[in-house]
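Asker: Compute the structure for the input listed below.
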Amino acid sequence: MDVTIYHNPSCGTSRNTLALIRNAGIEPNIIEYLKTPPDRGTLIKLIQDAGLGVRDALREKEAVFVQLELADATLADEQLLDAMLAHPILINRPFVVTPEGTRLCRPSEKLLEILSVAQQGPFAKEDGERIIDEKGNRVR
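Answerer: A predicted model of the protein is given here:
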């Protein structure tokens with residue numbers, strides 16, 4: 001299965017999502033988007049394909065979000081996209097693309113909505129939260 005993850009190795013959610021992909025026996029195409037940011041068209045497609053609005057894909061926990069006053073509700077999508085392209089740290093992560101769809105995988109188990117390949121064993125997030133049991137089934 002062809003899977004692409006827009007990854008930030010410094011982000012726990014992104015690391016958990018990557019590990020969950022690998023737990024299904026898949027080695028994804030990894031795009032470290034801080035080193036290789038998406039172009040405007042790709043970013044728009046990711047956001048649209050994930051069923052999100054531009055503001056939903058904006059990471060608010062970064063200092064640059066406050067510095068650029070991006071909480072201003074009057075800012076247009078084009079302005080938000082400009083900020084995300086100029087400062088890729090503002091792109092929320094991780095986006096994952098599979099043949100079954102695109103998701104912003106926050107939380108990381110949102111991946112399971114677009115990855116029907118069976119998990120190959122148990123999986124727990126870095127914080128210890130169990131997501132997949134010993135039989136490869138989702139823990140709810």
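
Asker: now the longest helix anywhere in the chain: mean pLDDT?
Answerer: For the chain, the helix with the greatest residue count under DSSP state H is helix 12-23. Confidence for helix 12-23, expressed as mean pLDDT, is 98.

Asker: Tell me the spacing between the residue nearest the centre of the chain and V66.
Answerer: Nearest to the mean C-alpha position of the chain, by CA atoms, centre = their mean, lies P94 at 1.7 Å. P94 sits 23 Å away from V66, going by CB to CB, to the nearest Å. All C-beta atoms are positioned from the backbone trio N, CA, C, and that covers glycine.

Asker: Could you do P37 as well?
Answerer: 21 Å.

Asker: Kindly report the same for V3.
Answerer: 34 Å.

Asker: These two: which has the busier surroundings?
Answerer: Higher neighbour count among V3 and V66: V3, with 22 against 11, using other CB atoms under 10 Å.

Asker: so who does the more buried one touch?
Answerer: By CB atoms under 8 Å, 6 or more residues apart in numbering, the contact list for V3 reads I21, I26, P28, N29, V96, V97, T98, L115.

Asker: name the helices or strands packed onto the longest helix of the chain?
Answerer: Applying 3 or more CB pairs under 8 Å, 6 or more residues apart in numbering; DSSP states H and E, we find helix 12-23 packed against strand 4-7, strand 123-124, strand 130-132.

Asker: which SS state does the nearest residue to R55 once chain neighbours are set aside fall under?
Answerer: Distances taken as CB to CB, 6 or more residues apart in numbering put L80 closest to R55, at 6.2 Å, once the chain neighbours are dropped. Per DSSP: H, G, I helix; E, B strand; the rest coil, the local secondary structure of L80 is helix.

Asker: what's the spacing between L80 and L70?
Answerer: 7 Å.

Asker: where do the contact lists of those two overlap?
Answerer: L58.

Asker: How about the contacts made by the residue nearest to the centre of the chain?
Answerer: I5, Y6, H7, N8, C11, T13, S14, T17, L18, L104, C105, S108.
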